[in-house]
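Student: 3D, please:
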Amino acid sequence: MKSPNEFFGAAPEVHTWAPGRVNLLGEHTDYNDGYMLPIATPQRTDVLADRSSDGRFHFYSATLDETAEFGADESSPDGFARYIEGCIRLMQARGVQVPPLKVYVRSNLALGTGLSSSAALEVATLRALRTMLKVDLDGVTLAQIAQQAEIQYAGVNCGIMDQMASSLADTEHMLFLDARTLDARLLPLPVGAEIIVIDSGVPRKLAASKYNERRSECEAAAGMLGVPSLRDVGRLADVEKLPSPLRERARHVVSENLRVLEAADSGGAISAGRFGELMNDSHASLRDDYEVSIRELDELTEVLRKHPDVYGARLTGAGFGGACVALCKTGAAQTVGQMAVNRVNAGGANARLLIPAPQR
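Tutor: Below is the predicted model of the structure:
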């Protein structure tokens with residue numbers, strides 16, 4: 001693995017970073033113009049950048065120990081470089097003169113766990129370009145460009161939540177986000193509560209998963225209901241006329257939006273107990289109606305729910321592997337999280353505690 005000094009040969013011009021995110025409520029609602037409640041992770045992705053002296057782009061990921069090099073008029077190779085190139089090309093499309101660059105990436109975000117390492121890379125890259133090239137770019141616009149970089153260059157037809165959370169959220173508050181209007185506001189976590197995040201040990205590859213299939217099913221369901229998106233369905237009863245599996249997909253989205261709105265409309269006054277119940281209901285909906293959970297996530301969340309200090313637990317991210325998140329009593333996260341990891345690993349799993357960071 002190369003150090004920044006080895007890669008640049010001197011101190012780089014800019015050093016920026018962006019966090020990952022954990023979604024507490026509102027899964028698979030963003031591409032349905034719905035509502036979400038993510039929070040930023042303490043883990044982050046750092047991007048260091050400088051101008052290239054040979055007219056070519058040079059990218060290096062210390063996390064992967066991989067290098068990508070290509071000419072100014074060429075495309076980057078597949079992999080992490082596509083996300084960075086996407087940000088650069090979209091800035092160029094906006095009229096920004098981006099010179100050939102050397103970009104160094106490092107991250108302590110666990111890849112493939114559903115904590116939005118790709119969004120953090122995109123947002124950190126765009127922050128670096130904004131700083132280096134002195135571009136006037138607000139946080140919402142930056143998130144929109146980052147989303148398009150993932151769609152157009154990485155081939156993932158994602159919603160806006162991950163990039164908005166990485167751009168606007170912090171680790172102390174939930175970010176209530178309306179995907180249609182992009183209105184966002186910070187809300188406190190329920191009083192007396194903190195979060196646990198555990199990697200199930202089963203990596204997910206979003207572009208290769210059924211994510212795009214679920215999105216297509218939601219679009220089909222909205223079309224059959226005669227609405228622009230499932231966000232416009234106000235009553236659960238309205239989806240029951242749909243054929244299976246569109247009925248189940250729509251039922252999840254509509255019920256999930258209602259859960260987020262209940263939590264957000266309290267203005268942060270919702271109790272930890274009630275918030276936990278909403279998280280449990282969300283997991284059941286993701287498992288049964290949206291069919292994106294897996295056995296390992298079901299087992300992890302069940303172990304967590306049985307602990308008296310846990311209010312609720314659910315998978316977080318798109319599913320098909322990755323991580324789960326739990327809400328527990330303040331001060332209990334480290335003990336409870338490690339207990340859950342030990343319990344499932346005794347049965348052959350390969351889980352690990354991500355938040356709070358394991359004690360050494």
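
Student: Residue 41 touches residue 109, doesn't it?
Tutor: Yes. A contact is recorded between residue 41 and residue 109 when judged using C-beta atoms under 8 Å, the distance being 7.0 Å. To be clear about C-beta, it is placed using only N, CA and C from the backbone, and glycine gets the same treatment.

Student: anything in contact with each of these two?
Tutor: 20, 115 (C-beta atoms under 8 Å, 6 or more residues apart in numbering).

Student: So, low pLDDT: which residues of the stretch 251-360 of the chain?
Tutor: Applying pLDDT under 70 to the stretch 251-360 of the chain flags the ranges 360.

Student: all strands of it, in order?
Tutor: Listed in chain order, the strands found in the stretch 251-360 of the chain under DSSP state E, counting those that start in this stretch are 310-316, 323-329, 352-355.

Student: Tell me the helices and strands packed up against the shortest one.
Tutor: Applying 3 or more C-beta pairs under 8 Å, 6 or more residues apart in numbering; DSSP states H and E, one finds that strand 352-355 makes contact with strand 35-51, strand 193-199, helix 333-346.

Student: Could you do the second one as well?
Tutor: In this structure, strand 323-329 packs against strand 14-25, strand 193-199, helix 272-288, helix 295-305, strand 310-316, helix 333-346, with contacts taken as 3+ C-beta pairs under 8 Å, 6+ apart.

Student: Within its sheet, name the partner strands of the first one and how each one runs.
Tutor: The partner list of strand 14-25 in its sheet, established with DSSP bridges, is strand 35-51 (antiparallel).

Student: one step back: I'd like the helices and strands packed on strand 352-355 as a markdown table, with mean neighbour count and distance to residue 213 appended.
Tutor: Output for the helices and strands packed on strand 352-355, formatted as a markdown table (neighbours: other C-beta atoms under 10 Å; distance: least, C-beta to C-beta, whole Å):
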| stretch | mean neighbour count | distance to residue 213 |
| --- | --- | --- |
| strand 35-51 | 23 | 21 |
| strand 193-199 | 24 | 24 |
| helix 333-346 | 18 | 28 |
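
Student: possible to save the ones you listed as CSV with distance to residue 148?
Tutor: Converted to CSV, the helices and strands packed on strand 352-355 look like this (distance: least, C-beta to C-beta, whole Å):
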stretch, distance to residue 148
strand 35-51, 18
strand 193-199, 28
helix 333-346, 36
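
Student: Residue 291: which of the ones you listed is closest?
Tutor: Go through the helices and strands packed on strand 352-355 one by one with C-beta to C-beta and the one that ends up closest to residue 291 is strand 35-51, at 20.0 Å.

Student: picking that back up, would you reformat the strands of the stretch 251-360 of the chain as TSV and include mean neighbour count and distance to residue 14?
Tutor: Shown next, in TSV, are the strands of the stretch 251-360 of the chain (neighbours: other C-beta under 10 Å; distance: least, C-beta to C-beta, whole Å):
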stretch	mean neighbour count	distance to residue 14
strand 310-316	27	31
strand 323-329	26	30
strand 352-355	22	28
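
Student: Could you list every helix and strand in contact with the helix or strand residue 68 falls within?
Tutor: Assigned by DSSP states H and E, residue 68 belongs to strand 66-71. Strand 66-71 sits against strand 56-61, helix 80-93, with contacts defined as 3+ C-beta pairs under 8 Å, 6+ apart.

Student: Out of the strands of the stretch 251-360 of the chain, which gets nearest to residue 338?
Tutor: strand 352-355 (5.8 Å).

Student: Contacts only, for residue 127.
Tutor: Shown in contact with residue 127 (C-beta under 8 Å, 6+ apart): 16-18, 47, 142.

Student: again, only using 7 Å
Tutor: Residue 127 makes contact with 16, 18 under the criterion C-beta atoms under 7 Å, 6 or more residues apart in numbering.

Student: Need the residue closest to the centroid of the protein.
Tutor: To find the centre residue of the chain, average its C-alpha atoms and take the closest one (C-alpha atoms, centre = their mean): that gives residue 116, at 3.4 Å.

Student: Excluding chain neighbours, what is closest to residue 63?
Tutor: What sits nearest to residue 63 in space, not counting adjacent residues and going by C-beta to C-beta, 6 or more residues apart in numbering, is residue 107, at 4.9 Å.
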